[in-house]
Every structure is written in structure tokens, then in C-alpha cells.
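1. no sequence for this one, just the structure:
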């Protein structure tokens, strides 16, 4: 039986009317996104960089009580938060509080990080720099997704029993239950813009790990002396006017974000979500942040944003069917990913690359330079972490055909 979302009206926000045909195709695509039985609601927003076209739409129920999903319903953005963490790190670099090439041990105590990266009898912990953390070049295992021998992953444990945890808990799990994948990679082996490596050169290994960004959060709090939610408000939310974006530690009492789902069951894990540190926002605020980021307006020096996109490394291929973190053909810079559909899979309709980030609940925030268009959305479904990478190319093809 078809998902009821196919029959529900679309709530839209269309201040710049644009082409009726284009709006109709976008609404149709939104219904396709929400059609699977596991998708209970969906919201998307698109905007041209020159402001000539903007459209957002939502469909489905925001909550099990049948409250309609709206374009202004707050959503949990999951790992899209990494764009905000990376931006905060680079702002602190601008202010002289951090150095990209400095070891993380410059800012974090040995009692916290000592012996964190041991592989083959060698302790590589002291070699890990801020740059390594931002680019997922550490080789540290993902504390959420990696499975201890004979045990459950952390996300599997949390689905069964919500719980809070600290950075010390995270690093103890990594140190005692998980094994690093490779040593921290030589940064001078990187090449610009995904360029081919010279013959015989070693291609840096890259593996997505939420552990890296938990360490970056710890560094932000250590050098500022403030909790993350206060730092983000000071560095990003207030100056950029992101009035509908917040850290779970500072959630407004009157606001009810859209429900998260794990297949057909609501996923209610407030303690874990606060511990993850990922943000809540709206698609409108997401687009505003991405516009400001791409234009360099987030930083004191507009050129700072280029650090995020100077070097791209491609994730390895994974056969894990339940993995929620990104893999091949996605590339990673510093706190930012780049995605495109290889010509092998789309020989007749090449898809232009997008840059930005996705999240484990099917959330995304991207910018397409070739089309000068910003894209945001989510399906709030852990079982659909890969949804952005199937949906965004279709969205880009519609927008390209209307240009």
C-alpha cells in the first residue's frame, strides 16, 4: 500500500513565485521523497544564489499525533552540525586561539586523550592535529558506528536505552573497545581539488569518524572556557541572525522539533541527542547559514572559507548495509563534504557536484556552484541516512532543466 504521505497536502512557502511548472515538479519530487513506508515526513528548500527563485515544501506528519509537518517546523540536523563546528574552529584560528597544524594535545589534557590512538604497538596520539580532526584523517574509529568485538554499536545501544555520556565516556570507549583504522595521515600528501596524485605517491586515507568532531568540540570549549552552546551563539547564531537554530542544551521550552524515526518507530533519545551536541534548526535558517558560509560572511576574512574546500579526499567503499556515515564516492575537505554522481552511474545526465554536509537522519545542506543553488532538507529517518544522495541528484536535474 502506498505511503499516506502521497495523499497529504504539501505545505509550501513560495515568496518568489517563479515558474508554476517548476513548482509543480518540485512538489511531485517531494511526494516521491516521502513515498517509502519508512518516511513519515519530509521537508525541502531550494534557493537560487541571486535570489531569483526560492521554494520550500513539507509533507507528512511532524509527530505521531498527526500534527502536520510545516516548512518552519524545527528539525534535528544531525551531522550537518559539522559545518558549524568547523566554522567555529576556523573563526578561532582567525582570532589566534588555535592553529590548524597544532597537535590536539596543545589544547587537551593528557588525562583525557592519553593513549587514544594506539595501533600496532605504536601510540600515534601526539601526531593528531586540528587539521587531521577536521579532515577525518586521524584513523580514529567512529564511536557511534564502530562495533566492538562481539558487542553492539553505540547507536544500537542507545536505540534500546537512551542515556547521556561525556567526552570522557566517548574517548574511553574508543581507547578500550575499538581499534584505530590507520595512523594519522601525512598532510603533505594532499592534492588540491581532487587532482590526480603523482605516480607512486601515497593517497591519504580518510575515514569518517564522529570521534574527530567530539574532540574538536572539546577543543572549542577548552580554548574559550565556555560550553559549546554559548560559543556557537556568540560566534555564529547571534551575528548571523540564526534565530531558529539552537544547541539541545539551549532548546526553547515552547518549541517542539519534528519527531525522529527509526524505521516505523519514533526515536526518543533526548539524553543522547544532547550528548551528541548536534543542532536543531529550520530549513530557512539552514539556507541562510549556507549562503553566509559560501560568501565568506561567516568569517572575519572572507577567504577563510576556502580552507574548507582546498583539499578533497575520497572515502573508501563500504559493504556495511546499516552504516549511517558517508562513504564512496563522497569526498571530504575540512568540515565539508563534496558529492557528485560518477559518470559511470549517470552517463547521459551528469550531475554537477555539491558541497556541504549530510546527516545520519537523512538531513542535508548543500550548495551547487555550477547552478548557484542552495539545497536543504531532511526526512528525519535513521533508516534513510543515504536519502540525500539519491534525492539531491534528481533535484539538481529538475533545477538545471528549468535554468
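-> That came through, no problem. All figures in this text were calculated on a predicted structure; none of them were measured in a lab.
2. what are the boundaries of the strands in the stretch 101-250 of the chain?
-> Remark: strands assigned in the stretch 101-250 of the chain by DSSP state E, counting those that start in this stretch are 118-119, 122-123.
3. nearest to residue 164, out of the ones you listed?
-> Among the strands of the stretch 101-250 of the chain, strand 118-119 comes nearest to residue 164, with 27.1 Å by Cβ to Cβ. C-beta coordinates here come from the backbone N, C-alpha and C atoms, glycine included.
4. tell me how far the closest one lies from the chain's centre.
-> 28 Å (Cα atoms, centre = their mean, to the nearest Å).
5. quick revisit: buried deepest among the strands of the stretch 101-250 of the chain, which one?
-> strand 118-119 (a mean of 14; mean count of other Cβ atoms under 10 Å).
6. surely residue 388 is in contact with residue 362?
-> Yes. Using Cβ atoms under 8 Å, residue 388 is in contact with residue 362, at 6.3 Å.
7. so where's the protein shaky on pLDDT?
-> 1-10, 12, 14-18, 189-202, 317-325, 328, 342-348 (pLDDT under 70).
8. which residue lies nearest the spatial centre of it?
-> Geometric centre of the chain, nearest residue: residue 80, 2.6 Å, by Cα atoms, centre = their mean.
9. any idea how far residue 395 is from it?
-> 16 Å (Cβ to Cβ, to the nearest Å).
10. again, but for residue 243
-> 27 Å.
11. higher neighbour count, these two?
-> residue 395 (25 against 12; other Cβ atoms under 10 Å).
12. circling back to that earlier point, pull the contacting residues for the residue nearest to the centre of the chain.
-> Residue 80 sits next to 278-279, 286, 356-359, 363-365 when contact means Cβ atoms under 8 Å, 6 or more residues apart in numbering.
13. 10 Å instead, please
-> Neighbour list for residue 80: 278-279, 281, 286, 289-290, 356-361, 363-366, 376, 378, 388 [criterion: Cβ atoms under 10 Å, 6 or more residues apart in numbering].
14. wasn't it part of a strand?
-> No. Read with DSSP: H, G, I helix; E, B strand; the rest coil, residue 80 is helix and lies in no strand.
15. residue 203: neighbouring residues, count only.
-> 13.
16. for the chain, which segments count as helices?
-> 20-33, 81-94, 110-113, 130-134, 154-160, 167-177, 210-224, 228-232, 238-240, 270-276, 283-294, 387-401 (DSSP state H).
17. out of these, which comes closest to residue 336?
-> Among these, helix 81-94 sits nearest to residue 336 (Cβ to Cβ), with 6.4 Å.
18. what comes up buried for that closest one?
-> 81-93 (16 or more other Cβ atoms under 10 Å).
19. could you dump those residues to a markdown table with distance to residue 336?
-> Listed next are these as a markdown table, based on distance: Cβ to Cβ, whole Å:
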| residue | distance to residue 336 |
| --- | --- |
| 81 | 12 |
| 82 | 8 |
| 83 | 6 |
| 84 | 11 |
| 85 | 11 |
| 86 | 7 |
| 87 | 9 |
| 88 | 14 |
| 89 | 12 |
| 90 | 11 |
| 91 | 15 |
| 92 | 17 |
| 93 | 15 |
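20. name the nearest of those relative to residue 207.
-> Out of the buried residues of helix 81-94, the member with the shortest distance to residue 207 (by Cβ to Cβ) is residue 82, at 14.6 Å.
21. measure that closest one to residue 148 for me?
-> Residue 82 is 24 Å from residue 148, by Cβ to Cβ.
22. ditto for residue 356
-> 32 Å.
23. cool, and residue 21?
-> 53 Å.
24. excluding its backbone neighbours, what's nearest residue 229?
-> Closest residue to residue 229 apart from its sequence neighbours, by Cβ to Cβ, 6 or more residues apart in numbering: residue 247 at 3.5 Å.
25. return the residues in contact with the one you found.
-> Counting by Cβ under 10 Å, 6+ apart, residue 247 has contacts 81, 84, 227-233, 237, 274, 277-280.
26. top of the residues you listed by neighbour count?
-> residue 279 (30 neighbours).
27. gap between that one and residue 151?
-> Residue 279 is 29 Å from residue 151, by Cβ to Cβ.
28. what do you get for residue 117?
-> 20 Å.
29. more neighbours: which of the two?
-> residue 117 (24 against 11).
30. one step back: for residue 21 and residue 148, work out which one has more neighbours and name it.
-> Neighbour count, other Cβ under 10 Å: between residue 21 and residue 148, residue 148 has more, with 14 against 9.
31. list the contacts of that one.
-> Residue 148 neighbours (Cβ under 10 Å, 6+ apart): 141, 154, 173, 176-179.
32. now, of the residues you listed, which are buried?
-> 141, 154, 173, 178.
33. you'd agree the last one is up against residue 140?
-> So that's residue 178. Yes. Under the criterion of Cβ atoms under 10 Å, residue 178 makes contact with residue 140 at 8.4 Å.
34. overlap in contacts of those two?
-> With Cβ under 10 Å, 6+ apart as the test, residue 178 and residue 140 both reach 146, 209, 211.
35. for the nearest residue to the first one once chain neighbours are set aside, give its distance to residue 61.
-> Yep, that's residue 146 we're talking about. Excluding the flanking residues, the one nearest residue 146 by Cβ to Cβ, 6+ apart is residue 178, at 5.0 Å. According to Cβ to Cβ, residue 178 and residue 61 sit 38 Å apart.
36. can you show me the strands along the stretch 301-403 of the chain?
-> 313-314, 331-332, 337-339, 354-359, 363-368, 373-378.
37. just put these in JSON lines and tack on mean neighbour count and distance to residue 301.
-> Converted to JSON lines, these look like this (neighbours: other Cβ atoms under 10 Å; distance: least, Cβ to Cβ, whole Å):
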{"stretch": "strand 313-314", "mean neighbour count": "18", "distance to residue 301": "25"}
{"stretch": "strand 331-332", "mean neighbour count": "23", "distance to residue 301": "23"}
{"stretch": "strand 337-339", "mean neighbour count": "22", "distance to residue 301": "22"}
{"stretch": "strand 354-359", "mean neighbour count": "26", "distance to residue 301": "19"}
{"stretch": "strand 363-368", "mean neighbour count": "26", "distance to residue 301": "20"}
{"stretch": "strand 373-378", "mean neighbour count": "26", "distance to residue 301": "22"}
